[in-house]
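[1] Output the structure for:
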Amino acid sequence: MRFFGLYKNSQVFKLALIVAIALVCYIASVFYNQMQRLDTSVDLIARSNRTQLELEKVLSVVSMYETSLRSYIITKDESYLKNRFLDRAQIELILKRIERLSFGADKSKDIDSLRKLIDYRFMLFRETLTIAKDKKINPLELNARLLESSNCTKAMRDFVYKSINKQINIAKLHNSSHQYELRNSMINVFLLVIISLLMVLLSYNKMNVDIRALKKANDELKFLNHSFQNAEKIAGFGYWKYNLDTDTYIFSDNYYRMLGVEPGSFEAKVENSSKYLHPDDYESIMKAHEDSLKNHQDTTMTFRYLLADGTIRYITSVGSFTKNAIGQTVKIGVNYDVTEQYKRTIELEENNKQLVVMNEELQAFNNIASHDLQEPLRKIQMFISRLEEKELELLTDSGKDYFSKIKLASNRMQRLLIDLLNYSRAVRGDKAFVKTNLNEVIQQVLHDLATNIEDKKAEIEIGALPKIKAIAFQMEQLFVNLISNSIKYSKDDVPPKIEIFAETIEPNEMHKGQPIASDKYYKIVVADNGIGFKQEYAEKAFQLFKRLETDAKYAGTGLGLAICKRIVENHNGFIKVKAKPNEGVKFSIFIPKTI
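    Here you go, the predicted structure:
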């Protein structure tokens, strides 16, 4: 399995192929050298054989001359001498051929020795013939010359045969070398064939693997292309390409659909698609497109298509330039159908206008609440105060009861107006975030609530609090509301005890199903020992005008905790509460470390 994994690796296969080619080249070079040596050995063997043949010819000619001479001596028949004792040019030609066939200093010496023997033998031929033709033949002298001729012929024959034997040995040596090289060359040819076949098989298998991979990639490409076409439909965009070198356009299928026609309904040319441009946009869009083709600048344009059925589509087109695989400049563009977005933008603009009007009305309400409503309320409270000082004793018991209820109602009305103003400020929010020291904020709050704290004999413990990026006055309002709440809902017979401190976030603390990251949030706790409430009412506690205690002695408007929640949300945080009846309440405020 590991081998097949390596085999599929293109780099490994290329390396193996290079090694195989190098091996084939090496064996081929060895084989070529062997062929050269085989050719040389064949040539040497042939030379040796031809040399033997030429030497045999020399002996044959000399023997023929000697036989003819002896026949003449015996018979005195001149016909034996006719054309027999020619010039030794024939033998000289044979010796020349032997010289060409031979090489080396030793060969030259052997030929020179042979030439001397031949010259001496021909000299003896001439002398013997002269004696034989003399009318007064001296038999002793003739016999002596014949004996000397025979000895010379024998010496020459021995020399020739010795040379022939040398050539035979040389031929045997070359033949043995020839056989050795032949065997090696056959082995190398076999190796070449095997390696070549192996390379062919590996290449064939690799080609099959690549073809299968290519087919798979092609199938995946088809699937991706199909998916892309579907994505075009779903996302509402179409793409186009323009090759500046070939002056050709390509439009995607959904590009045609965005024009209200079927894919391929017309040839992909700018003049065919531009006729769908809204008449009011045509000139500016075409000029911008042409300018971009000249200076190769990217384009972002928004325009309208006017379809055949009169429908207007709002389009945003983004185009940029790039180079294709062969270096041609191509502009690629994507057209987005932003009709629905445009309609929503128009609707949002209308809503924003209404929201501006509502904000102005809210601001007017704030002005009324802070001035116009409070002014008569302050007069009512002033008259109540004067009546209480001078006329209260003149009232009947029922009148005094009514007077007390009027005073409570006016005070409640004042608290409600103040809380509404605070909530309005929290909703609008002054978003000026500054570095805020919460310890300093708490000290300011305690100073503002000093009278309430003293009246209730409240005990407040404050731990080290962090410095955060916050809206300072909203942080004051947050702690004013929480501390006031704890004092207000304290037990009758138990002095309020309020703790304010920063706490480490535990790993198991969750918010909306996700763990709360200790490196992203501060956790600030405000806990008391008041009357508390049931945990099932925890979410309702932060709703507008929701009061969990209806006893008249606990005065409230139901806006305090709603304001707290809104302030924390203004800081991108959240607030949680845990409570038990008669055991108090624990508020956990989570503020981001960075805003």
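[2] Only C-alpha atoms from now on, for both contacts and neighbour counts.
    Noted.
[3] Give me the three-state assignment for residue 524.
    Three-state call for residue 524 (DSSP: H, G, I helix; E, B strand; the rest coil): strand.
[4] mind listing what it touches?
    465, 500-503, 588-590 (Cα atoms under 8 Å, 6 or more residues apart in numbering).
[5] Residue 526: which of those residues is nearest?
    residue 500 (4.7 Å; Cα to Cα).
[6] about what we covered before: please pick the buried ones from the contacts of residue 524.
    The neighbour count (16 or more other Cα atoms under 10 Å) marks 465, 500-502, 588-590 as buried among the contacts of residue 524.
[7] Quick one: the helices in the stretch 351-500 of the chain, in order.
    Using DSSP state H, counting those that start in this stretch, the helices found in the stretch 351-500 of the chain span residues 374-390, 397-428, 438-448, 450-456, 472-488.
[8] Which member of the contacts of residue 524 is positioned nearest residue 37?
    Residue 37 lies nearest to residue 590 out of the contacts of residue 524, by Cα to Cα, at 94.7 Å.
[9] Tell me what that closest one is bridged to.
    Under DSSP bridges, the beta-bridge partners of residue 590 are residue 523, residue 574.
[10] Please verify my assumption that it contacts residue 570.
    No - between residue 590 and residue 570 there is no contact under Cα atoms under 8 Å: 12.0 Å.
[11] what about the residue of the chain most remote from its centre, distance to residue 149?
    Residue distances from the centre of the chain (Cα atoms, centre = their mean) peak at residue 136, which lies 119.3 Å from the mean C-alpha position. From residue 136 across to residue 149, the span is 21 Å (Cα to Cα, to the nearest Å).
[12] Assign a three-state SS to residue 266, would you?
    Assigned by three-state DSSP, the conformation of residue 266 is coil.
[13] And for stretch 131-146, what's in contact with it?
    73, 124, 127-128.
[14] tell me the contacts of residue 125?
    By Cα under 8 Å, 6+ apart, the contact set of residue 125 is 66, 69, 149.
[15] Adding neighbour count, secondary structure and distance to residue 114, write those residues out as a markdown table.
    Listed next are the contacts of residue 125 as a markdown table, based on neighbours: other Cα atoms under 10 Å; DSSP: H, G, I helix; E, B strand; the rest coil; distance: Cα to Cα, whole Å:
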| residue | neighbour count | secondary structure | distance to residue 114 |
| --- | --- | --- | --- |
| 66 | 21 | helix | 17 |
| 69 | 23 | helix | 21 |
| 149 | 21 | helix | 15 |
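[16] Pick out whichever of those residues sits closest to residue 581.
    residue 66 (155.9 Å).
[17] Okay, the closest residue to that closest one other than its chain neighbours and residue 112: tell me how far apart.
    Of all residues not flanking residue 66 in the chain, residue 125 sits nearest, at 7.6 Å (Cα to Cα, 6 or more residues apart in numbering). To residue 112, residue 125 is 20 Å away according to Cα to Cα.
[18] Have a look at this structure and report the helix or strand with the lowest mean pLDDT.
    Ranking every helix and strand in the chain by mean pLDDT, DSSP states H and E puts helix 2-8 at the bottom, with a mean of 50.
[19] And residue 570, how far from residue 432?
    In terms of Cα to Cα, residue 570 sits 11 Å off from residue 432.
[20] Who has more neighbours out of the two?
    residue 570 (19 against 9; other Cα atoms under 10 Å).
[21] Quick one: neighbours of the closest residue to residue 499 other than its chain neighbours, just the number.
    Distance criterion Cα to Cα, 6+ apart; nearest residue to residue 499, sequence neighbours excluded, is residue 461 at 4.8 Å. By other Cα under 10 Å, the residues close to residue 461 number 12.
[22] which ones are touching residue 461?
    For residue 461, counting by Cα under 8 Å, 6+ apart, the contacting residues are 497-500.
[23] Which one of the contacts of residue 125 is nearest to residue 307?
    residue 66 (124.0 Å).
[24] State the distance from the closest one to residue 594.
    Separation of residue 66 from residue 594 (Cα to Cα): 131 Å.
[25] Now do the SS call for residue 240.
    Classified using three-state DSSP, residue 240 is strand.
[26] circling back: just checking, which of the contacts of stretch 131-146 belong to strands?
    Applying DSSP state E to the contacts of stretch 131-146, no entry is found in strands.
[27] how about those, which pair is most distant?
    It's 73 and 124 that sit farthest apart of the contacts of stretch 131-146, by Cα to Cα, at 14.2 Å.
[28] helices and strands around the strand or helix carrying residue 52, which ones?
    Assigning secondary structure by DSSP states H and E places residue 52 in helix 10-75. If you count contacts as 3 or more Cα pairs under 8 Å, 6 or more residues apart in numbering; DSSP states H and E, helix 10-75 packs onto helix 2-8, helix 89-101, helix 105-133, helix 139-235.
[29] please redo it, this time with the cut-off set to 6 Å
    With contacts defined as 3 or more Cα pairs under 6 Å, 6 or more residues apart in numbering; DSSP states H and E, helix 10-75 has these neighbours: helix 139-235.
[30] The helix it packs on: how far from the chain's middle?
    48 Å (Cα atoms, centre = their mean, to the nearest Å).
[31] just the angle between it and helix 10-75, please?
    Angle, helix 139-235 to helix 10-75, by axes from the mean of the first three to the mean of the last three Cα atoms, to 10 degrees: 160 degrees.
[32] Averaged pLDDT, helix 139-235. What do you get?
    Here helix 139-235 scores 75 as its mean pLDDT.
[33] any idea what sits nearest residue 303, other than its immediate chain neighbours?
    Nearest to residue 303 is residue 315, by Cα to Cα, 6+ apart, at 5.4 Å.
[34] Secondary structure of that neighbour: a helix, I assume?
    No - counting by three-state DSSP, residue 315 falls outside a helix, being strand.
[35] What count of nearby residues applies to residue 270?
    14.
[36] Over to the spatially closest residue to it that is not a sequence neighbour. Which of the three states is it?
    Among residues not flanking residue 270 along the chain, residue 249 sits closest, at 7.5 Å (Cα to Cα, 6+ apart). Here residue 249 is recorded as strand under three-state DSSP.
[37] give the contact list for residue 249.
    Shown in contact with residue 249 (Cα atoms under 6 Å, 6 or more residues apart in numbering): 241-242, 268-269.
[38] which of those are buried?
    Neighbour counting by 16+ other Cα under 10 Å classes 241-242, 268 among the contacts of residue 249 as buried.
[39] Residue 350: which of the residues you listed is nearest?
    Comparing the buried ones among the contacts of residue 249 against residue 350 with Cα to Cα places residue 241 closest, at 38.0 Å.
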